[in-house]
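>>> Attaching a predicted model along with its sequence, questions to come.
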Amino acid sequence: MNIYWDAEKYKQDFMFVPEYGAAVLDLLDAAPGARVVDLGCGNGALTRQLADRGYQVLGVDASPEQLALARQAYPDLTFREGNALDFALEQPADAIFSNAVLHWIDADKQQAMLDHIASQIRPEGLFVCEFGGKGCAEHVHAELERRFAAHGLHYRRTFYFPTIGEYAPLLEKAGFRVEYATLFDRPTRQVGPDGLADWIRMFDTAPFADVEPALADTIIAETVDALRPVLYHDDAWYVDYVRIRFKLRKL
């Protein structure tokens, strides 16, 4: 996961991430008092909700900036820096919960990541997760790809967005039994008149790493203009999210 989070901007304009993630919590039916890890906890909003449901929670995130906000907002909860490939627990968790994280991990590291997550859950424990599925933000990525090409550049697609059929075998190989799986469209409203441009600058930074700032601004502006008839309606920008959601049991 190679991204620097503007944690304050994220908290201000992109709180739809934990707000939508609240629906995933209902899949987590561990016993009261269970040890639950919020993997990729961000600013701790969902970690708080897990604690309020009676779980013993630990928030884990790779971003020091996000963790600083989490510790400030929820000083009674425990947060630790770590990522999905190498976080380590003193004892296996009863359940691991993860929202909007796994698509940040490169495709060639997904199996190793799932193997590692499984190693941190006790037998019969739960893994509940939601992340980007096949086709997520495809209008945006396809248009950016065209705009990069028009300027003689290559647009790198760095996200991993699988189908259920592609991902379930990886989960089973890691030692999970799939108890629930769904893939669904979820057009997601953005904040403000510059919502699409802000979304690109927040979440899609890697392809712009070697692009001059002025050219990056031009590409984003061209993309916004091209997608306005498609993604702007009801006085707001909507990014064409697709989500994939699993409830898994460790064998």
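Noted; the coordinates are in hand.
>>> And whichever helix or strand L171 is part of, what's buried?
Counting by DSSP states H and E, the element that carries L171 is helix 164-173. Residues of helix 164-173 classed as buried by neighbour count (16 or more other CB atoms under 10 Å): I164, Y167, A168, L171. The C-beta positions use only the backbone N, C-alpha and C, and glycine is treated the same way.
>>> so what does that helix touch, helix or strand wise?
For helix 164-173, the contact count by 3 or more CB pairs under 8 Å, 6 or more residues apart in numbering; DSSP states H and E identifies helix 110-119, strand 176-189, strand 236-250 as packing neighbours.
>>> Relative to T205, which of the ones you listed is closest?
Within those, the stretch nearest T205 is strand 236-250; the backing value is 15.4 Å (CB to CB).
>>> what's the angle from the helix or strand harbouring L144 to strand 236-250?
Secondary-structure element containing L144, defined by DSSP H and E: helix 138-150. Here helix 138-150 points in a direction 110 degrees away from that of strand 236-250 (axes from the mean of the first three to the mean of the last three CA atoms, to 10 degrees).
>>> now helix 138-150: how far from the chain's centre is it?
Here helix 138-150 is found 21 Å from its chain centre; the criterion is CA atoms, centre = their mean, to the nearest Å.
>>> repeat for stretch 219-235
Using CA atoms, centre = their mean, we find the averaged C-alpha position of stretch 219-235 to lie 23 Å away from the chain's own average C-alpha position.
>>> just so I have it, where are all the strands in this structure?
Taking DSSP state E as the criterion, the chain contains strands spanning 35-39, 56-61, 78-81, 93-99, 121-132, 176-189, 232-233, 236-250.
>>> just checking, what packs against the longest helix belonging to the chain?
When the chain is scanned for its longest helix (criterion: DSSP state H), the result is helix 213-231. Other helices and strands packing on helix 213-231, by 3+ CB pairs under 8 Å, 6+ apart, are helix 138-150, helix 195-203, strand 236-250.
>>> got the CA positions of it in CSV?
Output in CSV follows, covering the C-alpha atoms of helix 213-231 (Å, rounded to 0.1, in the frame of the first residue of the first chain):
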residue,chain,number,x,y,z
PRO,A,213,1.9,19.2,-11.4
ALA,A,214,0.6,21.5,-14.2
LEU,A,215,0.1,18.6,-16.5
ALA,A,216,-1.6,16.6,-13.8
ASP,A,217,-4.0,19.5,-13.2
THR,A,218,-4.8,19.6,-17.0
ILE,A,219,-5.4,15.8,-17.1
ILE,A,220,-7.8,16.0,-14.1
ALA,A,221,-9.6,19.0,-15.6
GLU,A,222,-10.1,17.2,-18.9
THR,A,223,-11.3,14.1,-17.1
VAL,A,224,-13.8,16.1,-15.1
ASP,A,225,-15.1,17.8,-18.2
ALA,A,226,-15.5,14.5,-20.1
LEU,A,227,-17.3,12.7,-17.2
ARG,A,228,-19.6,15.5,-16.2
PRO,A,229,-22.5,14.2,-18.5
VAL,A,230,-21.9,10.7,-17.0
LEU,A,231,-21.2,11.1,-13.3
